[in-house]
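[1] Return atomic coordinates for the entry below.
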Amino acid sequence: MFRKPWYRSFDLPQPTPAARIRGNAVLAALLFVPALVLAKVLVLATETGGRCLAEGGCPPFPGTAFLVLTAAAAVALAGALAAPQRMRRAALGAQLLLEAVAVGLVPAYP
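    Residues are numbered from 1 along each chain as shown. All right, here's what the predicted structure looks like:
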């Protein structure tokens, strides 16, 4: 009796779990740099961060540890995109964890 509206007249294919994992991995990688910038801006907005920027004398940033974390997150991204299905979810979890630790390292050293 009732007709479907024109925008519901056809069914779109649902994305597969592998496509969802790949999409989430790419989204997390794209949001990594803005998260780093936001973390640094929030650190510099504090009194300690502003004083550190203006006067210096702050502990040096552990660049090697940050680069290792970022490289490991990139490897986990490649794993989430190209690994077999049973390993993609673990690779996505590792990527998210490594990116969170790298972003958390930024506020620790103003």
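[2] ok, which stretches of the chain are helices?
    Shown for the chain, the helices assigned by DSSP state H span residues 17-30, 32-44, 47-55, 63-82, 85-108.
[3] Including mean neighbour count, could the ones you listed go into a markdown table?
    Quick note: C-beta positions are derived from backbone N, CA and C, even for glycine. Formatted as a markdown table, these follow (neighbours: other CB atoms under 10 Å):
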| stretch | mean neighbour count |
| --- | --- |
| helix 17-30 | 15 |
| helix 32-44 | 14 |
| helix 47-55 | 12 |
| helix 63-82 | 16 |
| helix 85-108 | 16 |
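[4] mind saving the C-alpha coords of the helix or strand bottoming out on mean pLDDT in the chain as CSV?
    When each helix and strand of the chain is scored by mean pLDDT, DSSP states H and E, helix 47-55 comes last, with a mean of 88. Backbone C-alpha positions of helix 47-55 (Å, rounded to 0.1, in the frame of the first residue of the first chain) are rendered in CSV as follows:
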residue,chain,number,x,y,z
GLU,A,47,51.8,28.5,32.5
THR,A,48,54.7,26.0,32.4
GLY,A,49,54.5,25.6,28.6
GLY,A,50,54.5,29.4,28.1
ARG,A,51,57.4,29.9,30.4
CYS,A,52,59.3,27.1,28.7
LEU,A,53,58.7,28.7,25.3
ALA,A,54,59.7,32.2,26.5
GLU,A,55,62.6,31.5,28.8
